[in-house]
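Novice: Next comes the sequence, and after it the predicted model I'd like to discuss.
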Amino acid sequence: MTGMRIARLTVEQGESGAVVGTDRPRLSWTLDTDAGETSMPVRAEVEWATGASTATRVVDDVEAILSPWPFETLRSRDAGTVRVRVQDTAGEWSPWSAPFHLVVGLLDEADWTASFVSPRALGGMDDGAPVLTKDFVLPAAVREGRVWVTALGIYVLRINGVRVGTDELAPGWTAYEHRLRYQSYDVGPLLRTGANRVEMTLGNGWYRGNLTWEMDRSNYGDRLAGLVQLEIALDDGAELRIVTDESWGAESSEILADDLYNGEIRAPRGAEGVRRSGVDVVEFAPARLVARRGPAVRVTETVPGARTLSTASGKTVVDFGQNLVGRVRLTVRGLQAGTPVTVTHAEVLEDGELALRPLGNAKATCSYVASGAAEEVLAPSLTFSGFRYAQIDGVGDLDPADAVAEVLGTDLVRTGWFECSDPRLEKLHANIVWGARGNFLDLPTDCPQRAERLGWTGDIQVFAPTANFLFDTSGFLAGWLEDLSAEQLDDGSVPWIIPDVYPGEWVPAAGWGDAATVVPLSLHDAFADDEMLARQYSSMKAWVDRIARLADDRGVWWATGQIGDWLDPDAPAEDPAAAKADPAVIATAYLFRSAQYVAEAAERLRIVSDAEVYARLAAHVAEGFTAEFVDARGRIRSDCQTVYAIAIAFGLLTDPSLFAGAGRRLAELVEEADACVSTGFLGTPHILDALHLSGRTDLAFRMLTQTRSPSWLYAVEMGATTMWERWDALLPDGRVHPGSMTSFNHYAYGAVADFLHRRVGGLRPLEPGYRRFAVEPVPGHLTSASVILDSPSGRIEVRWERTDRSFDLEVVVPFAATAVVRVPGDDASVECGGGTHRFRS
């Protein structure tokens, strides 16, 4: 038998068992091989098995990236398993892959027979979480059962007292006016002959909870509602549906209050305390219901309390040792009935107490009333917090092991890793990963702890390349981009926040609106999803057309009302937009870059005329940029690190003398700053690349390893476990930065990981999906480094080590890919096919 096997099989961007929202789902798979295997794959066979039949097709793809569905078009509710195997040049077949369980979603509006229902006399704006209920009787044993479910709000669904699924905070946050996700679960094992009961607890979530620093609850609606469509097939051949309608009821719950920012309040619900109500049908257009792209939010890890602290005020605080996002599950013993217990969350301590000021208006507190049981577990289900520390009141002596942090986030598959000889950089990288995990909770947010937690477009614009390396974000970000397109204004302007909670209030913002172009192209680089790029293409064009209209006849965009190089370290604490970089310089540079990206997207989509139009626009803007902002020495208006970093990294300076002059001036500014970072959100992702491209790699690594603020390693030296919003969020004396806006979990500055992956590790794509990639390490001061990427083309591994006598490089190339390798010090590159290749210089 061949030494090949299928390493990973996926359908669309989903997980096995999840619902796909298309009738022709695309297939992807990668290969793994035994050491020493020399034969090559020549074809693959795909199997589609349902309960009624099995079909196979032989296809030419040996390692497929989103290969077309090879069988007949599917229909709503179709379910089965997909398997793949490959044949090698000797005619031997590999073993079949593990089966991927596929369920087709409800594709037509007519598939929906359930209505949204809302409690008539419960679940008001200031009430607790209501529970929708339905009792029914099944006359025979259940053969199959599947529920289709969603809510206006968030929900927890139970059947016969058992929680359905592992998804948290479903259906999540989307542009509700345009798109609302539904979920589906196999619930056959939970149903039984005779009496059955469905209970759906509704929480405020993003739909009706507080949003933004203004604590606004008026964004979407004032009534919570749920939709349940339970489809059952019995052993006797009968089929029936239990759907939400006027026959359902509602009850009060033990949750007296819930809010994503403020926390949750719970108290035992005695029989005499249960209130009941009928329900009303709420109008909702089924056309807005969509299947999820990518994984759901889940508990991805549990972190036990590391230690307990007693504060100066006598409070008990649990330190989990890691700043994270989630909730605390607290086990208490021997508390008298009625004893109040509170859990208050914070990211850092200040003067030995919880630092609550950075939370703004968010209370981040969960409160409970003990039931009097000998042992009970206290935990919320309709909220989350960002924290490392939790203050526990009402318990007395506490074993830290009795407090467990349940880490919440979108359950993304980890795909990228980095190691090197400098443990400080490894810690920096680990902090970046934790920051992404915490802020990738259903959508890419800026921060997870304070009264904000919003989908700021500028943050993900700078972080997208890093995100797409570290995780399989193909569905996660593709779904968010659909919200961006849905909420883009008719004139092409892009809101600063997606989903948009300030509709109609935005002016086009350079670096923020450019998420419309940068994120799709970065996603396509990483995952080669042509359908996604085609779907976003009109949005990309609309944004560039909008800002091109704002430019003058030379292509210069004299932008006003900009966010700019946000949180420039020299900006006043209460005016983070007051950056050194001239807004017009940044805006014009981003117009150039986005025009280039649209031209590139058009070329990949084979829209030749558009590719030419936008390439000409980019060239025109570059000429205008140089004429207006660059002098004969290569000095750029406002003369700060950010403007040089962006101009050099974007490729705006095509004149060699201007490029060289700008590079020299950037190096001077960095040396004057003692290699400290002097850039904000927009300049930071490009400063190290710009130094490297200018021939000052030494300065790039000096800046990378600087430990004095502002720098990446300052936070590491101060004990950070995630990325910070401000370079000096925690001052050297241990006090919190005095600014009103200070987050200790903000991934934007973590964009530096792209430099670690692409320059230090040396790995970057040359073609979408890494079918062709470059390996060109930049060692700097390091003696070793490695990167591993589970790419759509297969696992890529790059390892290098250097001594005084040699530089040794090892590259593992997937079968269907080609590597272009250049060893440091060599002028020529070498092309390598599948296999393990070793180089020495």
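Specialist: Looks like it came in fine.
Novice: What residues of stretch 202-216 count as buried?
Specialist: For stretch 202-216, the neighbour count (16 or more other C-beta atoms under 10 Å) marks 202-213 as buried. For glycine as for every other residue, the C-beta is placed from the backbone atoms N, C-alpha and C.
Novice: What of stretch 325-342?
Specialist: By neighbour count, with 16+ other C-beta under 10 Å as the criterion, the buried positions of stretch 325-342 are 325-332, 335, 339, 341-342.
Novice: try stretch 686-706
Specialist: Applying a neighbour-count criterion of 16+ other C-beta under 10 Å, the buried positions in stretch 686-706 are 686-694, 696-697, 699-706.
Novice: can you give me the end-to-end distance of it?
Specialist: Using C-alpha to C-alpha, to the nearest Å, the end-to-end distance of stretch 686-706 comes to 17 Å.
Novice: mind listing which of the buried residues of stretch 686-706 are in helices?
Specialist: With helices taken from DSSP state H, the overlap with the buried residues of stretch 686-706 comprises 686-693, 697, 699-704.
Novice: Ser310: neighbour count?
Specialist: Residues contacting Ser310 under the criterion other C-beta atoms under 10 Å number 10.
Novice: doesn't Thr316 make contact with it?
Specialist: Yes - in this structure Ser310 lies within contact range of Thr316 using C-beta atoms under 8 Å: 6.3 Å.
Novice: tell me which of the buried residues of stretch 325-342 is nearest to Leu730?
Specialist: Using C-beta to C-beta, Val325 is the member of these that sits closest to Leu730, with 18.8 Å.
Novice: which one is that closest one nearest to, not counting chain neighbours?
Specialist: Of all residues beyond its chain neighbours, the one nearest Val325 is Gly438 (3.7 Å), with distances taken as C-beta to C-beta, 6 or more residues apart in numbering.
Novice: and that neighbour, helix, strand or coil?
Specialist: Following DSSP: H, G, I helix; E, B strand; the rest coil, the label given to Gly438 is helix.
Novice: In contact with it, which residues?
Specialist: Counting by C-beta atoms under 8 Å, 6 or more residues apart in numbering, Gly438 touches 323-325, 386, 409, 448, 722, 745.
Novice: Likewise for Ser694?
Specialist: By C-beta under 8 Å, 6+ apart, the residues touching Ser694 are 648, 659-660, 662-664, 666-667.
Novice: What strands flank the lengthiest strand in the chain, and is each parallel or antiparallel?
Specialist: Secondary structure of the chain per DSSP state E: the longest strand is strand 316-333. Here the strand partners of strand 316-333, with direction, are listed using DSSP bridges: strand 307-310 (antiparallel), strand 375-378 (antiparallel), strand 385-393 (antiparallel), strand 403-410 (antiparallel).
Novice: Between those strands, which one is closest to Ala578.
Specialist: Taking C-beta to C-beta as the criterion, strand 385-393 is the member of the strands paired with strand 316-333 that comes nearest to Ala578, at 27.0 Å.
Novice: one step back: wait, which of the ones in helices among the buried residues of stretch 686-706 is closest to Gly794?
Specialist: The shortest separation between Gly794 and any of these is 27.0 Å, and it belongs to Asp689 (by C-beta to C-beta).
Novice: Backbone dihedrals for the nearest residue to Glu353 once chain neighbours are set aside, please?
Specialist: Using C-beta to C-beta, 6+ apart and skipping residues adjacent in sequence, the residue nearest Glu353 is Thr311, 5.1 Å away. Dihedral angles of Thr311 (phi, psi; degrees, to the nearest 10) stand at phi -80, psi 170.
Novice: ditto for Met540
Specialist: Dihedral angles (degrees, to the nearest 10) for Met540: phi -60, psi -50.
Novice: Now do the contacts for it.
Specialist: Residues near Met540 by C-beta under 8 Å, 6+ apart: 516-517, 520-521, 594, 597-598, 601.
Novice: how about the helices in this structure?
Specialist: 205-208, 423-439, 457-470, 474-487, 515-527, 530-550, 583-604, 608-629, 641-650, 656-672, 684-693, 697-704, 712-717, 753-755.
Novice: And the second one, what's buried?
Specialist: Burial within helix 423-439, assessed by neighbour count using 16+ other C-beta under 10 Å, is assigned to 425-429, 431-439.
Novice: Same list (these) but as TSV, adding pLDDT and distance to Leu756.
Specialist: Conversion of the buried residues of helix 423-439 to TSV gives the following (pLDDT from 0 to 100; distance: C-beta to C-beta, whole Å):
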residue	pLDDT	distance to Leu756
Leu425	98	7
Glu426	98	10
Lys427	98	12
Leu428	98	8
His429	98	6
Asn431	98	12
Ile432	98	9
Val433	98	12
Trp434	98	15
Gly435	98	14
Ala436	98	14
Arg437	97	17
Gly438	97	20
Asn439	98	19
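Novice: List just the nearest of those to Leu152.
Specialist: Proximity of the buried residues of helix 423-439 to Leu152 was ranked by C-beta to C-beta; the top entry is Asn439 with 24.7 Å.
Novice: Chain neighbours aside, what residue packs nearest to Trp512?
Specialist: When the adjacent residues along the chain are set aside, Trp512 lies closest to Gly458, with 3.9 Å between them (C-beta to C-beta, 6+ apart).
Novice: how many neighbours does that neighbour have?
Specialist: The local packing count at Gly458 equals 23, with neighbours defined by other C-beta under 10 Å.
Novice: show me the contacts for Val137.
Specialist: By C-beta under 8 Å, 6+ apart, the neighbours of Val137 are 194-196.
Novice: This completes my enquiry, with thanks.
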